[in-house]
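K.L.:
Fold the following, please.
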Amino acid sequence: MFRSLHVIPLLAVAGVLAACAAQYSALEARQLCLDKKGWCSERQCAAASGIWQVAGIAGGQTGRKQCDLPASDAGKRCRDSSECSTYCVALEGSKTGDHTAGVCYYSATYFFGTYAVIDHGVVGPWLSND
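P.N.:
Just a heads-up that it's a prediction; the model follows:
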């Protein structure tokens, strides 16, 4: 009898956790995280198949984390950001003003690092974003 009294609260907790995990479908969670530019909860990020990680250099100092969702067209060849769901970025070694193609940025929510955006086939200035 004593053991069965402990099982009931555990089953109740397991049921609540299961309900929380099923709160969002993968598509709903992805859209929610996209709408919040990656500043969604860790649970929502996991439901969206994102990567929960430290957000930039400042995040490394504060411990703040963000959901990194892969872009649907990451790595696709492009000549302008209008061809991507995110940005068309230059490949390493490209110089500002070069006329070239690039690739669609890898993340839909995580915009940290150094990159140059390509606009109508022309490499823009290299920017570092934290």
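
K.L.:
Any stretches of the protein with poor pLDDT?
P.N.:
In the predicted model of the chain, residues 1-22, 56-61, 130 satisfy pLDDT under 70.

K.L.:
let's go with 80 and repeat that
P.N.:
Per-residue confidence for the chain (pLDDT under 80) gives these ranges: 1-24, 37-38, 55-64, 110-112, 129-130.

K.L.:
Could I get the full set of helices for it?
P.N.:
Remark: helices assigned in the chain by DSSP state H are 2-21, 26-35, 42-47, 56-62.

K.L.:
tell me the contacts of the residue positioned nearest the centre of the chain?
P.N.:
Within the chain, one residue has its C-alpha closest to the average C-alpha position: by C-alpha atoms, centre = their mean, that is residue 68, at 2.1 Å. If a contact means C-beta atoms under 8 Å, 6 or more residues apart in numbering, then residue 68 has 38, 50, 51, 52, 53, 107, 109, 110 as its contacts. Using the backbone N, CA and C atoms, a C-beta is placed for each residue, glycine as well.
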